[in-house]
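Enquirer: prediction below, plus the sequence it came from.
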Amino acid sequence: MEQNILDCVIVGSGPSGFTAAIYAARADLKPELYTGLEPGGQLTTTTEVDNFPGYPAGITGPEMMMDLQKQAERFDTKVHYEMITKAEFSKEVGGVHKLYAGNKEILAKTVIISTGATAKYLGLDDEKKYAGGGVSACATCDGFFYRGKDVVVVGAGDTAAEEATYLAKLCKKVTLLVRKDVFRASKAMVHRVENTPNIEVKFHHELIGIEGENSLVERAVIINNQTQETSKVEVEGIFIAIGHKPNTDIFVGQIDLDENGYIVTEKGSSRTNLPGVFAAGDVQDHIYRQAITAAGSGCMSAMDAEKYLAELH
């Protein structure tokens, strides 16, 4: 029996994957989407999404993902609740790409990679316990809920400096915990932190625990890693800003990645270095990382895939 070669397979199911599916399905590419282990992606870990245009009353992350999925399915996208574990890409124009979900082999003329990125956490049990109750990895997403309150930011790089200065505009006080005695952030970002009066930087400090009733953050437990002295800071929000890891492990050695593992796309497009392989969303964007920008790049990837297929005939 000859195996069916699909026109378009989408790997990943956040805003970029589902938007790609909506556009690909409406272009009659009959896309099939593989959700991965976290259907809906990072947005399913955020409670309220208030910055996505078109939702004046806000919406929860999981609800928005269900809406996007229903819209993709309305145009006959086939959604598989499976994870792609291996990829063998063709280097030829018009070549057939092979993807594997466990032992199942999937053949496709175009592949849209929208596997996203995962926020790095410290690995404390308390982070999980208080997730959604005051622990966040995205100030732009959740900072608004902490207006006039005290928060902690953990991290020493540009992400941490940016999150701290962003939160300082909204919050009463921001305590920034830096593990070493210096920032890793760029000079410009460090100056911004130093010139913001309501940010207190604690060098040589680490977060070791979180306390609070009813899974809501009330205190951060911190340690001075020079003196081993522990103390508690009364806060309602804790922002972990130690970076993101793009979900690209299975593509290493085939697709061009930057030094942090993000997929490199051709400027102004979703094209990768391989013909018929496109990337959308946070897997190729370490700068904006918003639901709306991911959705926009999902649209681009489906249009790029459609154009690629049209030019084969």
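Expert: The structure has been received and is ready for your questions.
Enquirer: how close does Pro62 sit to Phe145?
Expert: 17 Å (CB to CB, to the nearest Å). For glycine as for every other residue, the C-beta is placed from the backbone atoms N, C-alpha and C.
Enquirer: same question, Gln71
Expert: Gln71 sits 28 Å away from Phe145, going by CB to CB.
Enquirer: and for Arg219?
Expert: Distance, Arg219 to Phe145, using CB to CB: 18 Å.
Enquirer: surely Thr175 and Val151 touch.
Expert: Yes. Counting by CB atoms under 8 Å, Val151 is a contact partner of Thr175 at 7.5 Å.
Enquirer: any low-confidence regions in this structure?
Expert: Scanning the chain for pLDDT under 70 picks out 1-2, 46-47.
Enquirer: do that again at 50, thanks
Expert: Along the chain, segments meeting pLDDT under 50 span 1.
Enquirer: check which residues of the longest helix along the chain are buried.
Expert: For the chain, the longest helix by residue count, based on DSSP state H, is helix 291-312. For helix 291-312, burial by neighbour count (16 or more other CB atoms under 10 Å) applies to 291, 293-306, 308-309.
Enquirer: if we ignore the residues flanking it in sequence, what's nearest Thr77?
Expert: Using CB to CB, 6 or more residues apart in numbering and skipping residues adjacent in sequence, the residue nearest Thr77 is Ala21, 4.2 Å away.
Enquirer: that neighbour contacts Pro31, doesn't it?
Expert: Yes. Counting by CB under 8 Å, Ala21 does reach Pro31; the two are 5.1 Å apart.
Enquirer: so what sits against both of these two?
Expert: Applying CB atoms under 8 Å, 6 or more residues apart in numbering, one finds that Ala21 and Pro31 are jointly contacted by Ile10, Ala72, Thr77, Ala302.
Enquirer: kindly state the beta-bridge partners for the residue positioned nearest the centre of the chain.
Expert: The chain has Ala117 as the residue nearest its centroid, 4.0 Å off, counting by CA atoms, centre = their mean. Judged by DSSP bridges, the bridge partners of Ala117 are Pro246.
Enquirer: that one contacts Asp249, doesn't it?
Expert: No. Using CB under 8 Å, Ala117 makes no contact with Asp249, being 11.9 Å away.
Enquirer: who's in contact with stretch 87-107?
Expert: Applying CB under 8 Å, 6+ apart, the contact partners of stretch 87-107 are 3-6, 9, 11, 32, 34, 80, 82-86, 108-111, 250-251, 254-255, 274-277, 312.
Enquirer: I figured Phe144 hits Val49, correct?
Expert: No. Counting by CB under 8 Å, Phe144 sits too far from Val49 to count as a contact (11.1 Å).
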